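Asks: sequence unknown, structure follows:
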């Protein structure tokens, strides 16, 4: 068996592939032979040593993987060998085989591909948690979606359409204009347009009901200003700290120092809310399991369909990471471990 390891904090040269022996799952655990593993921007931040909840180096990254159960430990009753599952690994998903707690193995229907399953957990789970669970998404809502062409961005757009949100504004680079518009969003060029002005102009100067922001730093205050009275801002990343594949402590420091300090009294007067979202630190696993059940139903109804940007052989993981670093992806990037 082989797995991908981050040997140290750094650039693409800190990625290695190592051999390991499969082990027998313990009590309450299952072992999953991985088919696909999802790549998320958090994985890039972890590699550069900029993600607070990551394990100590060296470690194997990977929040999510799809595959087939190859062994079951004692006390596991609701799963069986040969069953197809989404494995919410937390860490360790970049591997041909993983051991996880049985309650983190979510059965997937036969009609769902491994590609779709591996694209569901972090991207759709995060978008659903923000917009529906926390944001109470309703028909007619206006929503601002940053990084609109990425995995979470495309998932958010589909969920918004399914719930009847009618005014979606998506920011991205100019090269992704046609793709963003094809997802039913009003495209905003992140480099040449003021998204706050666009949000105001499209909502009779009121602002949007919700905004999702994975950029961080000073960008957050602009997203906050784009909200209407009673609007909600969801903060779920800090991509401005990672401008490229090489580690930049200057960029990270600039992002942290420019992060705004919000005044609770001003927030109270405007009835606005700010949510910090980190699905890897969500303690109530029943909430996430409920999200997955709801999303599975939405897939079966044809309301959502994961958009796969590309699938890379796992030995080309450095190239896959660079593809995301260069902001070239349109949808989800996956690693093939089959």
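Replies: Sure, I can see it. Only a predicted model underlies this, so the values are computations on that prediction, with no experimental measurement involved. Numbers count the residues shown, from 1 in each chain.

Asks: could you give me the average pLDDT of stretch 197-210?
Replies: Averaging pLDDT along stretch 197-210 gives 98.

Asks: Domain parsing of the protein, as residue ranges.
Replies: According to automatic domain parsing, the chain comprises the domains 2-120+306-336, 121-280.

Asks: What count of nearby residues applies to residue 146?
Replies: Neighbours of residue 146 under the rule other CB atoms under 10 Å: 26. Yep, even glycine has a C-beta here, placed from its N, CA and C like the rest.

Asks: ok, now which ones touch it?
Replies: If you count contacts by CB atoms under 8 Å, 6 or more residues apart in numbering, residue 146 has them with 153, 170-171, 190, 195, 211-215, 219, 223.

Asks: give the contact list for the closest residue to residue 227 other than its chain neighbours.
Replies: Nearest in space to residue 227, with sequence neighbours left out and distances taken as CB to CB, 6 or more residues apart in numbering, is residue 207 at 4.9 Å. Residue 207 makes contact with 142, 199-200, 225-229, 231 under the criterion CB under 8 Å, 6+ apart.

Asks: Could you tell me which of those count as buried?
Replies: 142, 199-200, 226-228, 231 (16 or more other CB atoms under 10 Å).

Asks: measure the residue nearest to residue 227 to residue 266 for me?
Replies: Using CB to CB, to the nearest Å, residue 207 is found at 15 Å from residue 266.

Asks: end to end, how far does stretch 138-148 reach?
Replies: The stretch stretch 138-148 measures 20 Å between its terminal residues, going by CA to CA, to the nearest Å.

Asks: quick one: buried residues of that stretch?
Replies: Those would be 141-148, for stretch 138-148 by 16+ other CB under 10 Å.

Asks: for residue 64, which residues make a bridge with it?
Replies: When bridges are called by DSSP bridges, residue 64 pairs up with residue 88.

Asks: any idea how far it is from residue 335?
Replies: Distance from residue 64 to residue 335, by CB to CB: 11 Å.

Asks: joint contacts of these two?
Replies: With CB under 8 Å, 6+ apart, residue 64 and residue 335 have common neighbours 37-38.

Asks: strands paired with the longest strand along the chain, and their directions?
Replies: Secondary structure of the chain per DSSP state E: the longest strand is strand 29-39. Partner strands and pairing direction for strand 29-39 (DSSP bridges) are strand 64-72 (antiparallel), strand 97-101 (antiparallel), strand 332-336 (antiparallel).

Asks: Residue 278 is nearest to which of the ones you listed?
Replies: Residue 278 lies closest to strand 64-72 among the strands paired with strand 29-39, at 14.6 Å (CB to CB).

Asks: Residues in contact with that closest one: which ones?
Replies: 22, 24-25, 30-38, 40, 79-89, 93, 95, 97-98, 102, 105, 108, 114-115, 117-118, 120-122, 337.
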